[in-house]
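Student: Return a 3D structure for these sequence lines:
(chains A and B)
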Amino acid sequence: MILDGKCPTGPIEKTWDKHRFDLKLVNPANKRKYNVIVVGTGLAGGAAAASLGELGYNVQAFCYQDSPRRAHSIAAQGGINAAKNYPNDGDSIYRLFYDTIKGGDFRAREADVWRLAQVSNNIIDQCVAQGVPFARDYAGYLDNRSFGGAQVSRTFFARGQTGQQLLLGAYSALSRQIKLGTVKMYERREMLDLVVVDGVAKGITCRNLVSGQLESYAADAVCLCTGGFVNVFYLSTNAMGCSVTANWKAHRKGAYFANPCYTQIHPTCIPQAGDYQSKLTLMSESLRNDGRVWVPKKKEDCGKHPNEIPEDARDYYLERKYPSFGNLAPRDIASRAAKEQCDDGRGVGPGGRGVYLDFADSIKRLGEDTIRERYGNLFEMYEKITDENGYKRPMRMYPAPHYAMGGLWVDYNLMSNIPGLFVLGEANFSVHGANRLGASALMQGLADGYFVIPYTIGGYLATVKPGQAKADHPEFKKCEDDVKSYNDKLLSINGKKTVFEFMRELGGLMWENCGMARTKESLEINLKKIPALREEFWKNVKVSGSGAELNQQLENAGRTADFLEFGELLCRDALHRNESCGGHFRVEYQDEGEAQRDDVNYCYVGAWEFKGDNKVPELHKEPLTFENVHLAVRSYK
Amino acid sequence: MSDHKTMTLTLIVWRQKNASDPGKFETYTAKNITEHHSFLEMLDCVNEDLIHTGKDPIVFDHDCREGICGMCSQVINGAPHGGQDRTTVCQLHMRKFKDGDTIYIEPWRARAFPIIRDLIVDRSALDKIIQAGGYTSCHTGGVADGNAILIPKPVADEAMDAAECVGCGACVAGCPNGAAMLFTGAKISQLALLPQGQAEASARVRNMSDAMTECGFGNCTNHYECMAACPKGINVKFIARMNREFLKAQFA
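Tutor: Residues are numbered from 1 along each chain as shown, chains lettered A, B, ... in the order given. Now for the predicted structure:
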């Protein structure tokens, strides 16, 4: 089937304004008759719940954490992009649009990206009004910095805690609506099923993580703002609770999963120290503004103290390979380059899996105090984890899974192929194509939540009668029963291996065979091994306790079971895409080490339809057309 | 890495089935721990052993494991987050302990934070304080350009110092009175410092102070234990500012 993204046509700069006008409106007096469910309270979910509540809809919001303020958006460090052009350095909406399309390696929709660039400026204003303490200069004006993959300074930031401050802004707006009674907040709830009545999304099934009770919630529309899935690699920069579960349950109920093979590996993370490690910690790539990346030229120098390796024995490989972007090369390129150096035997630190990020030159030029002011909290974090002082010796970095560009398929209105099911933020696939540029995730989350969904959901709700499905509809009971028997099954296996052991094994397979570099052979290995591991899981996993209590093993078991199904889909998508683009690098498709796209055969969104357990999913395609940005080889040389 | 020598530790951990269970300390042994384990990774290892031997693992709150989400919450040897300067439990590493050490692990203890299970407490009272006024009442859309409001760097920086709070509740757990004044003072100060917060300043400080009392938090008697416990180094001067704002609001 050919999918239709329902993108508006005509001059790109008018598309969003025209579409907003064309959308139907819900009468102010009628808004309160509509119930909207928002799952997840990160930047997309928090902003959406607050904005929809303010508009007058009845909102029910859900998060698995103990407070909506803790969603993983909080961990974003570097900043948020906007086309304000405050520094007068040549930025514009068009340039942000162009950079995002190019950065995504021409695998995103033009209209969606244009809209993102257009509303980026509103986001900054909104956050300032909320009291987000963005960095300012002495005269009081907003400060900007440059960020990976951009040649203009368009990134707004709040020390190294931009994500936290933006989320607290959204959380404060949400708190205000909770107090006003327009939003009812449900914490410590995990969505375990999507309720679809007559082909339309009408609610969710949740597990109350404290009591273990299964709960049903009905609504006229459901918004999934449930983040990304890179914990499928086990070790990633995501929080421990991040999972594919909500999205996967929706997929099993019919929502198409688009481009799952587009995963981002972040170039600057603290290398793994041991097998017991539970997660990897990212160091903002803003560090690459002032840090220089290098490895020793000679293998025999790798064991030496870095400060003893003279200048001419160092290979500043990013500056060498990409002279115009240098250390600011986009993430996928910087990550692969780091892997290449380490595969060449010139990596540093434990296992030779690391490259140096060196601040000595910047400290010499700007002084340690300036560097401390810019990145103090990052240096502190690095020292806590590694016991090494980044001011005195170069930091060690290695790439780690970080972000999912792929996600549930949505049309221009952010609605999935299931009517009434909307998907926002990282959970959808829409704007980043095959690779996301730095400081664009925060921008997308808030754009979707504050400035897109408040309009597009009205266009849908205006066409449906409110309150058609209630929680006493038999489908809700059926979903609850299904979840209960699923959980009972997990609890009854009583095997020999723990959930973590399975998750580590799956993560190992994913990283090894479907990580930074993928081949037909490695992917075919995974397509055999993952189903086998899944089968073993359902025979041999050990989950103790009961379902009727707080049970973290059961929570993790459910998430792992979903990853064991999803991982296979990710590999299948990677195998079918016979090209290299953005975060998807197929070893067979390269030109002198650079990714080789195939625009003739693969310039489309690949959206997969679930066909049943252990059945091959069906691929649907949405062709991508580029009318405003010329399809070109993406070069950062 | 595996070539590092390992530690064996005795853990004395608070176990409590649910809110109505009286709870008690249980003793466990943590083996093969290296200096590079984080504290929570050490607990993960203990839990894997417990699961293998058919025992209930220790339940604790955690999520980002990089010191920013504010979810982790444990009192270690009497100190919230373990007592290392500006460090959450998840960022505490085992190099701070020695082979053979005995470590006491307890949940946050405060009247306003009922225990849910083991080391997990209910901190929704902190959300209630924010709901009482920890925001500017701006609408989505229709706001002025970000540069229309000038905020000189020193002011923006001080607001940011206050805004760094992760809402973990260590300040409450550390306070002999179970007060949430550092938490509340930080939010009030952030907004009081900024021009955007001025319009509602009086109502905000009154409403948030009332919410604090209603939720069962105590009052400040200048012990400064909150600042010592705070993983983000929030300064007690923000409590002073809150008190000043509160006094000002009486005449507003």
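Student: avg pLDDT for the helix or strand B:C171 falls within?
Tutor: Assigned by DSSP states H and E, B:C171 belongs to helix B:170-174. On average, the pLDDT along helix B:170-174 is 98.
Student: give me the residue from the stretch 1-150 of chain B nearest chain A.
Tutor: Nearest residue of the stretch 1-150 of chain B to chain A, counting by CB to the nearest CB: B:L150, 3.1 Å away. Quick note: C-beta positions are derived from backbone N, CA and C, even for glycine.
Student: rewinding a little: could you list every helix and strand in contact with whatever helix or strand comes next after the helix holding B:C171?
Tutor: Tracing the chain C-terminally past helix B:170-174 and defining elements by DSSP H and E, one meets helix B:181-193 next. Under the contact criterion of 3 or more CB pairs under 8 Å, 6 or more residues apart in numbering or on different chains; DSSP states H and E, helix B:181-193 touches helix B:124-131, helix B:153-163, helix B:170-174, helix B:201-214, helix B:225-229, helix B:237-251.
Student: Tell me the secondary structure at the closest residue to A:I80 other than its chain neighbours.
Tutor: The spatially closest residue to A:I80, leaving aside those adjacent along the chain, is A:L442, at 4.1 Å (CB to CB, 6 or more residues apart in numbering or on different chains). Three-state assignment for A:L442 (DSSP: H, G, I helix; E, B strand; the rest coil): helix.
Student: what's the helix or strand for A:G606?
Tutor: Assigned by DSSP H and E, A:G606 falls in strand A:604-609.
Student: that's a helix at B:L40, yeah?
Tutor: Yes. Counting by three-state DSSP, B:L40 is located in a helix.
Student: So for it, what's the pLDDT?
Tutor: 98.
Student: picking that back up, so what strands line up beside the strand holding A:G606?
Tutor: strand A:257-258 (antiparallel), strand A:618-623 (antiparallel) (DSSP bridges).
Student: for it, the distance to its chain's centre please.
Tutor: Offset of strand A:604-609 from its chain centre (CA atoms, centre = their mean, to the nearest Å): 18 Å.
Student: now swap in stretch A:106-121 and tell me
Tutor: 17 Å.
Student: ok, and what's touching the helix holding B:C171?
Tutor: Contacts to helix B:170-174, defined as CB atoms under 8 Å, 6 or more residues apart in numbering or on different chains, come from residues B:73, B:75, B:79-81, B:108-110, B:112-113, B:178-183, B:217, B:225-231, B:234.
Student: Pull out the buried residues from those.
Tutor: B:73, B:75, B:79-81, B:108, B:110, B:112-113, B:178-183, B:217, B:225-231, B:234 (16 or more other CB atoms under 10 Å in any protein chain shown).
Student: do stretch A:6-25 and chain B meet at all?
Tutor: No. Shown here: stretch A:6-25 not in contact with chain B (CB under 8 Å from any CB of the partner chain), separated by at least 11.6 Å.
Student: my bad, should have said stretch A:412-430
Tutor: No. Judged by CB under 8 Å from any CB, stretch A:412-430 makes no contact with chain B; its nearest approach is 14.2 Å.
Student: May I have the residues that are in contact with B:L193?
Tutor: Per CB under 8 Å, 6+ apart, neighbours of B:L193: B:V155, B:E158, B:A159, B:A162.
Student: Contact partners for the residue lying closest to it once chain neighbours are set aside?
Tutor: Nearest residue to B:L193, sequence neighbours excluded (CB to CB, 6+ apart): B:A159, at 4.4 Å. Residues near B:A159 by CB under 8 Å, 6+ apart: A:G131, A:P133, B:I151, B:S189, B:Q190, B:L193, B:L194.
Student: Now for the fifth one, how many residues are close by?
Tutor: Summarising burial for B:Q190: neighbours were counted as other CB atoms under 10 Å in any protein chain shown, giving 26.
Student: model confidence over the strand holding A:G606, on average?
Tutor: Here the average pLDDT along strand A:604-609 is 98.
Student: Could you pull up the contacting residues of residue 236?
Tutor: No chain was given, so I picked chain A. Going by CB under 8 Å, 6+ apart, the list of residues near A:S236 reads A:V230, A:C242, A:K279, A:L280, A:A400, A:P401, A:H402.
Student: other chain: chain B
Tutor: B:L182, B:N222, B:Y224, B:C226, B:M227.
Student: surely the residue of the stretch 1-150 of chain B closest to chain A meets A:G140?
Tutor: Yes. Applying CB atoms under 8 Å as the test, B:L150 and A:G140 come out as touching, 3.1 Å apart.
Student: Return the residues of the stretch 501-637 of chain A in contact with chain B.
Tutor: Residues of the stretch 501-637 of chain A lying near chain B (CB under 8 Å from any CB): A:E501, A:K542, A:S544, A:G545, A:E549, A:L550, A:Q552, A:Q553.
Student: For the closest residue to the fifth one other than its chain neighbours, give me the pLDDT.
Tutor: Closest residue to A:E549 apart from its sequence neighbours, by CB to CB, 6+ apart: A:G212 at 5.0 Å. Taken from the predicted model, the pLDDT recorded for A:G212 is 98.
Student: ditto for A:Y171
Tutor: For A:Y171, pLDDT reads 98.
Student: about what we covered before: name the stretch among the helices and strands packed on helix B:181-193 that sits most buried.
Tutor: helix B:170-174 (a mean of 29; mean count of other CB atoms under 10 Å in any protein chain shown).
Student: which residues of the chain score low on pLDDT?
Tutor: Let's take chain A. A:148-149 (pLDDT under 70).
Student: sorry, should have said chain B
Tutor: Looking along chain B with the criterion set at pLDDT under 70, you get B:1-4.
Student: The residue nearest to A:I80 against A:A44, yeah?
Tutor: No. Counting by CB under 8 Å, A:L442 does not reach A:A44; the two are 10.0 Å apart.
Student: shared neighbours of the two, anything?
Tutor: Joint contacts of A:L442 and A:A44 (CB under 8 Å, 6+ apart) are A:S73.
Student: moving C-terminal of the helix or strand encompassing A:A29, what's the next helix or strand?
Tutor: Assigned by DSSP H and E, A:A29 falls within helix A:28-31. Counting by DSSP H and E, the next helix or strand C-terminal to helix A:28-31 is strand A:35-39.
Student: care to break the chain down by domain?
Tutor: The chain I'm using is chain A. Structural domains assigned to chain A are A:267-400, A:482-598, following automatic domain parsing.
Student: You answered for a different chain; I wanted chain B.
Tutor: Split by automatic domain parsing, chain B gives B:7-117, B:123-138+B:146-251.
Student: Now tabulate these in TSV and tack on distance to A:V295.
Tutor: Output for these, formatted as TSV (distance: least, CB to CB, whole Å):
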stretch	distance to A:V295
domain B:7-117	22
domain B:123-138+B:146-251	34
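Student: List the buried residues in stretch A:606-614.
Tutor: In stretch A:606-614, the ones that count as buried by 16+ other CB under 10 Å are A:G606, A:A607, A:W608, A:E609, A:F610.
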